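Requesting a structural model of the entry that follows:
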Amino acid sequence: ATATTAFMDYTATSDVSEHGDIDLDMASIFTHIGNSDATSAKTVYTDGENSAKTSSLRTLQGFSTAIDAKAWKDSYKEMAYSLAKASGHAADYADALVLEQLDGTPTQLSVATAINFGNTQMYTMHELYDAIYDVSKSGDAYDNDGGVKAWDEAVAFYAGGAQSAGVARLHSMYGMIEEVAPHFETVVSGEHSSINSMIMTLFKEGQTIIDALTTTATDDEVASLFEITEQLHGLFTAANIRWLIYSHKNAAVNPTADKAAVLKILGNVIYPEINACSKDDASTFLANTITTPGDVSDNWSDIMTALQENYHCMIRVKKSNRFHQSCSIVGDYSESGSVVQATCVDDDVYPYESTQATVSGETVTVSKEVAGYTPRSDVAKHALLDKDMRRIGLLAGEGDFINAKLIYTGGWNSWKENDDGTFKSWRNYQGFASSSKLALFQEGQDLNDYYGSYTALDTFISAALDGTTPFDADTDATARKEMAGKTLQFGLNLYYVIREFYDAIDDCTAESLTNNYGNVHAWDEGVMFWAGSLEKDGSGSGELLHMLGEKRAGNYDYTSSDHGKTASTVNADLMALFLAGEAHLVAGECGKALPIVDDIISKMIVPVIQGAQRYAWKVGSGASATAKSRAEGWAFAKSILPMVAKCDASSADTIVKNMDYFATEPMVDGTEAVFEAWQKTFACLGVTCNDIGELNEVSDGHDAPPACKDTFTDDLGGSAASVGVKAGAIMAAIAGGLVMML
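Numbers count the residues shown, from 1 in each chain. Predicted coordinates:
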């Protein structure tokens, strides 16, 4: 295991020459296609010809058909493959794309695209993940057939043994990246194009870490290798996008069947990546690609907008010590030096905006409007945290809790920067469970008082993702996903949003309205964490509390006579409060913003209560007494039980007894008793039936949902509610030095 193999300026420290010979199979396939012998081309693809294993031949088909057993095991899952599965792709979808070409009228271009960017790209990612697995579990980097290193294998498959630097050819991923590079950059003969240069540099960085190991890799070394691997993943995606742009231009000018096929192949390869970033943009991309060149051309503007607004998420690559430089990595498409299409500027891609505004006498950069709210500071990176939630949900939903936990604890889309704008660290949702921050306001104190820890929600979320107590191997996987996800979205995230609003008031009194951790306005941060970038125009397409308000509004009816309105106004009410609070803070009216926070909290928990009641009814009535329904109801309830218990411990006890997912007999006291337990606390929580409405679920032979009630014979009374409401404001006032202003 000491022999070396050179792939341009990468020298493998194990003998992977046979692996590199896989590009000779590509050459043979091309020869057969050139001779109009598709049958022989297919035989080389399925049976192999040049790349020997210990006792058989390696095959290009096997890169796709064997991936499921290798990339997805109980204790080991590969994110790239998990995202492909989560997008709806079959395990061997890439093989199907290749066979569609070989069984039809294949061309070298269409077959090369399907094999290199379908089969080989996924298998190269597998080898990178496998290298991390080898050094983290056994400490043996040579733990592969023939005693070679998986990291070296990845380079061999990506480059091919016959590849020379800077040479364009269809035989390998590297060569295909060189093929289109002149349309996006100035290339130098004999040198790597920019994307290949970054790829080769990252390969060598990973190799340096692995070759220096003398024992099992440390957690930090594993994290570094994972980061390198995912940046490589992003660069592969950038190359796929370059090819999509190039192919579209060619197909639009001279439509042919093979160019249409290439667009379809690239669409299939790129789709899992955009789907992991935005449901809406993925739908746009899916609907407008992968059919005929004419259809793609007609909708090209929509396709490019969908892609470019997710470049930062799909192409998560550091350049000049900064992330979100993806437009500069892909580049603009040009012919003969003239830009033709796909222009892109990183600073202007949603939700970024290079607009300057005057706030409190200072000139600052402001980001774009989100959900109808115009920030008065640059909070674009904060807004992008919701895309972490999108990825976590997809991974957990597919059963890949391992990578879902990695995103939860490590972050993916939202990065913090140093004073000079360079990368500092990834913002992540687990970081929201900060004792020092949650201790500074009453609701955070209530969380600690009720659960005995400021980090209780993080503990529960982590347990759901890890499958540890109270979860175990028998806990329904969908239930684990729902409890982890919804407790994060509507519990942990909710408390941090509240914290940001109080922090803004604290900044206001300190006369540092925009100088909050890197010139960011905390009030704007709170709104961004409430809405998220995916909301865009406020249509409810996001992942966070704004989305929940829109979604739950459809589950509840309102009438003018009973509620003074005919539809939920919770998000509109919140937006008015956000804008009012912002105006007070910009004017330096710190004390006037304080009572607005109490009103915001009351409105934000409305859809959480609606969700809890809805699933209590589903389970209690028998309409949907599934593990999923019980899990969703418990996640909603658990998220705000500390607030409920602060108002009335007895009501909280009733909710726990009936809605706890792990209860021996769910909803034992019946739906009406649970609804009443919630509703008895409404006055104290600052909520009314006018806010909640009437649950409109169809009973289908089951008991109809109980009506909403604001008053009870044993009502808590106005004085108790007032004390409960004022406590939050007083605590924030103490934290922010505002007692003298009250």
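
in stretch 532-543, what's buried?
For stretch 532-543, burial by neighbour count (16 or more other Cβ atoms under 10 Å) applies to 532-536, 538, 540-543. (Each C-beta comes from the backbone N, C-alpha and C, glycine too.)

how long is it end to end?
By Cα to Cα, to the nearest Å, the extent of stretch 532-543 from end to end equals 7 Å.

Spit out the contact partners of Gln121.
When contacts are counted by Cβ atoms under 8 Å, 6 or more residues apart in numbering, Gln121 touches 173, 236, 240, 269.

That one - that's part of a strand, no?
No - per DSSP: H, G, I helix; E, B strand; the rest coil, Gln121 lies outside any strand segment and is helix.

Lys381: which of the contacts of Gln121 is nearest?
Phe236 (24.1 Å; Cβ to Cβ).

Go through stretch 359-369 and flag the buried ones.
Using 16+ other Cβ under 10 Å as the test for burial, stretch 359-369 gives 359-360, 364-369.

and what of stretch 554-570?
555-556, 558, 563, 568-570.

As PDB, could you dump the C-alpha coordinates of that stretch?
Provided in PDB are the C-alpha atoms of stretch 554-570 (Å, rounded to 0.1, in the frame of the first residue of the first chain):
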ATOM      1  CA  GLY A 554     -56.300  27.700   6.600                       C
ATOM      2  CA  ASN A 555     -57.200  25.300   9.400                       C
ATOM      3  CA  TYR A 556     -59.300  27.800  11.300                       C
ATOM      4  CA  ASP A 557     -62.500  29.700  10.400                       C
ATOM      5  CA  TYR A 558     -63.400  33.300  11.400                       C
ATOM      6  CA  THR A 559     -66.700  35.200  11.100                       C
ATOM      7  CA  SER A 560     -67.300  38.900  11.300                       C
ATOM      8  CA  SER A 561     -70.000  38.400  14.000                       C
ATOM      9  CA  ASP A 562     -67.900  36.200  16.300                       C
ATOM     10  CA  HIS A 563     -64.300  37.300  15.500                       C
ATOM     11  CA  GLY A 564     -64.600  40.700  13.900                       C
ATOM     12  CA  LYS A 565     -62.900  39.300  10.700                       C
ATOM     13  CA  THR A 566     -63.300  36.600   8.200                       C
ATOM     14  CA  ALA A 567     -59.700  35.300   8.100                       C
ATOM     15  CA  SER A 568     -56.700  35.100  10.300                       C
ATOM     16  CA  THR A 569     -54.700  38.300  10.600                       C
ATOM     17  CA  VAL A 570     -51.900  37.000  12.800                       C
END
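
Mind listing residues that contact that stretch?
Residues contacting stretch 554-570 (Cβ under 8 Å, 6+ apart): 549, 552-553, 603, 606-607, 610, 614, 689-697.

Make a ChimeraX selection of whichever of those residues turn out to be buried.
Here is the ChimeraX command that selects only those of these that count as buried (16+ other Cβ under 10 Å):
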select :549,552,553,603,606,607,610,614,689,691,692,693,694,695,697
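
Check what contacts stretch 39-48 and list those residues.
By Cβ under 8 Å, 6+ apart, stretch 39-48 touches 25, 28-29, 32-33, 56-62, 98-99, 102-103, 106, 111, 115.

one more time with 7 Å, if that's ok
Here stretch 39-48 makes contact (Cβ atoms under 7 Å, 6 or more residues apart in numbering) with 25, 28-29, 32-33, 57-61, 98, 102, 106.

Also stretch 378-387?
277, 313, 351-352, 364-367, 370, 413-415, 427, 519-521, 524-525, 528-529, 532-534, 542-544.

Would you state the strands of this structure in chain order?
With DSSP state E applied, the chain shows strands at 5-7, 10-12, 72-73, 76-77, 333-335, 338-341, 355-359, 362-366, 415-417, 423-426, 556-557, 694-695, listed in chain order.
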